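**Student:** Quick one, fold the following:
(chains A, B and C)
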Amino acid sequence: MGQKKQRLLEAKRHQSPPDGTRTSYPKEPRLEPPTTLGPQRSIYFSSLKGRPARLGSEFFDQPAVSLARAFLGQGGANPAPSYAEQVLVRRLDDGTELRGRIVETEAYLGPEDEAAHSRGGRQTPRNRGMFMKPGTLYVYLIYGMYFCMNVSSQGDGACVLLRALEPLGGLEAMRQLRHTLRKGVAGRALKDLELCNGPSKLCQALAIDKSFDQRDLATDEAVWLERGPLGPSEPAVVAAARVGIGHAGEWALKPLRFYVQGSPWVSVVDRAAKRNTQARAKASRDEDF
DNA sequence: ATTTGGATTACCT
DNA sequence: GGTAATCCAAATG
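**Tutor:** Here you go, the predicted model:
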């Protein structure tokens, strides 16, 4: 009931931060600028003051939890005072660039993490990417039909799963990719919110498949990471239990999933965290009076 | 050589 | 809230 309303309120709040500049979510499907020709600007430099937009290997060389938060624009190895949420960019063969701000991640810590594919130090042909240098992609097939995309971090067998993006560019191409790659023939058009709000959905939307396994996010021509626009402050990040790992005992409960608080683009909102947030918000409202 | 199950999604009641 | 879909690869014999 109040569920939907709450979500709208959250979206709205996040849409219009008090001081404006940080984030703005499109109110309606936005038509993309022409994507017919090759890049109209360099892949490596954005218009932002000549600052290199592409993140290099050093960014990925931090522990999994730190990297998982850094993807969301929080602390970590970002040179202060840079509080940028990171943008994943995928350049299709025809030159179309698809962009999405990373809003949800999960950290997998390596051998000791019972929920990780690398648990117990298992190293197999499939999960080799987890053990390669930070910034290496680990893409694997799940449930026989979907892909998940991870980025290797510092630490043996540690990596970060990308779980959700806020689509920023190439939305129509994403919609088409999702439409054609989706299993059902069925066909209502997907809402913007449905494009990238899940680990396998974002892989479909960006046309990421097994062929991207073990590629280097720092140097690959078809996929890379850019610093988003700088914000005045770090985004609020929620830490919650990871999704879809019923087994793994105590490890299933650890707060190793991270998402941008209040973002409507997140795949799963943590109920407990949400209640706490509301309680805090209410408390601070009450204090204001 | 066989068996088992999954870091999910979409559609059902 | 429940569950079918779908197949690779890890685990086991």
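**Student:** Whether stretch A:121-141 contacts DNA strand C - can you check?
**Tutor:** Yes. Interface with DNA strand C: stretch A:121-141 contributes A:122, A:124-127, A:140-141 (Cβ under 7 Å from any atom of the strand). C-betas here are computed from N, CA, C, even on glycine.
**Student:** now, the most widely separated pair of the residues you listed?
**Tutor:** Spanning the widest gap among these are A:122 and A:141, at 17.2 Å by Cβ to Cβ.
**Student:** filter the residues of stretch A:121-141 next to DNA strand C down to the ones close to DNA strand B.
**Tutor:** Filtered for proximity to DNA strand B (Cβ under 7 Å from any atom of the strand), the residues of stretch A:121-141 next to DNA strand C shrink to A:127, A:141.
**Student:** Can you select the buried ones among the residues of stretch A:121-141 next to DNA strand C for me in ChimeraX?
**Tutor:** To isolate the buried members of the residues of stretch A:121-141 next to DNA strand C in ChimeraX, using 16 or more other Cβ atoms under 10 Å:
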select /A:127,140
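**Student:** what's the closest of the residues of stretch A:121-141 next to DNA strand C to residue A:204?
**Tutor:** Residue A:204 lies nearest to residue A:141 out of the residues of stretch A:121-141 next to DNA strand C, by Cβ to Cβ, at 12.7 Å.
**Student:** Now do the same for the host helix or strand of that closest one: mean pLDDT, whole number.
**Tutor:** Using DSSP states H and E, residue A:141 sits in strand A:137-142. In this model, strand A:137-142 has a mean pLDDT of 98.
**Student:** What is the subsequent helix or strand relative to it?
**Tutor:** By DSSP H and E, the next helix or strand past strand A:137-142 is strand A:146-152.
**Student:** list the helices and strands that following strand packs on?
**Tutor:** Judged by 3 or more Cβ pairs under 8 Å, 6 or more residues apart in numbering; DSSP states H and E, strand A:146-152 is in contact with helix A:128-131, strand A:137-142, strand A:159-169, helix A:199-205.
**Student:** is that strand up against DNA strand C anywhere?
**Tutor:** No. Judged by Cβ under 7 Å from any atom of the strand, strand A:146-152 and DNA strand C are separated, with a smallest distance of 8.0 Å.
**Student:** can you give me the strands for the stretch 1-150 of chain A?
**Tutor:** According to DSSP state E, counting those that start in this stretch, the stretch 1-150 of chain A carries its strands in the segments A:83-91, A:97-108, A:137-142, A:146-152.
**Student:** got a list of what the most centrally placed residue in chain A touches?
**Tutor:** Nearest to the geometric centre of chain A sits residue A:102, at 3.0 Å (Cα atoms, centre = their mean). By Cβ atoms under 8 Å, 6 or more residues apart in numbering, the residues touching residue A:102 are A:71-72, A:85-88, A:162, A:164-165.
**Student:** circling back to that earlier point, just the closest of the residues of stretch A:121-141 next to DNA strand C to residue A:250, please.
**Tutor:** Among these, residue A:122 lies closest to residue A:250 (Cβ to Cβ), at 19.0 Å.
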